[in-house]
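Novice: this is a predicted model, with the sequence first.
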Amino acid sequence: MITRQEVIDRIEIMEDGVIQVRHATYFVEDGVRLGPPAYTRSTLTPINTLPPAADARLRRVAVAVHTPDVVDAYREKHNPSRAIPLDEIGPENRP
């Protein structure tokens, strides 16, 4: 019987606190993986809420990484109403 096995095989933490997750899907027959995995990716920002069914390892990483300081910095950086100083805008986009 062929079964489908889904695992989180990579968790990466970006500079701004975003967690990138790579999911690998394997097809397994009699305990043997058939061929290479199919990959999908997802991200978890510091202001996202983990779903209740989230992987326990991912939940532990998110709790460790998404500290109040990281969440506040992310909100400040990604606040659309924040005025952006000219020194943060590349020369090609300046008026």
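Specialist: Thanks, I have it.
Novice: the helices in this structure, which residues?
Specialist: Under the criterion DSSP state H, helices of the chain are mapped to 56-65, 68-77.
Novice: for residue 44, which of those is the nearest?
Specialist: With C-beta to C-beta as the measure, helix 56-65 is the member of the helices of the chain nearest residue 44 (6.1 Å). C-beta here means a position set from N, CA and C on the backbone, and glycine is covered the same way.
Novice: by contact count, what packs against the closest one?
Specialist: strand 2-13, strand 19-29 (3 or more C-beta pairs under 8 Å, 6 or more residues apart in numbering; DSSP states H and E).
Novice: on that earlier part again, to residue 41, which of the helices of the chain lies closest?
Specialist: Closest approach to residue 41 among those (C-beta to C-beta): helix 56-65, 12.9 Å.
Novice: tell me what angle that closest one forms with helix 68-77.
Specialist: 80 degrees (axes from the mean of the first three to the mean of the last three C-alpha atoms, to 10 degrees).
Novice: what residues sit buried inside helix 56-65?
Specialist: 58, 61-62, 65 (16 or more other C-beta atoms under 10 Å).
Novice: return the most buried member of the helices and strands packed on helix 56-65.
Specialist: Ranked by mean neighbour count, the helices and strands packed on helix 56-65 are led by strand 19-29 with a mean of 15 (mean count of other C-beta atoms under 10 Å).
Novice: angle of that one against helix 56-65?
Specialist: Angle, strand 19-29 to helix 56-65, by the same axes, to 10 degrees: 170 degrees.
Novice: pLDDT averaged over strand 19-29, what's the number?
Specialist: With pLDDT averaged residue by residue, strand 19-29 scores 95.
Novice: what's opposite the residue lying closest to residue 3 once chain neighbours are set aside in the beta bridge?
Specialist: Excluding its sequence neighbours, the residue lying closest to residue 3 (C-beta to C-beta, 6 or more residues apart in numbering) is residue 28, at 5.2 Å. Counting by DSSP bridges, residue 28 forms beta bridges with residue 3, residue 33.
Novice: brilliant, that's me finished.
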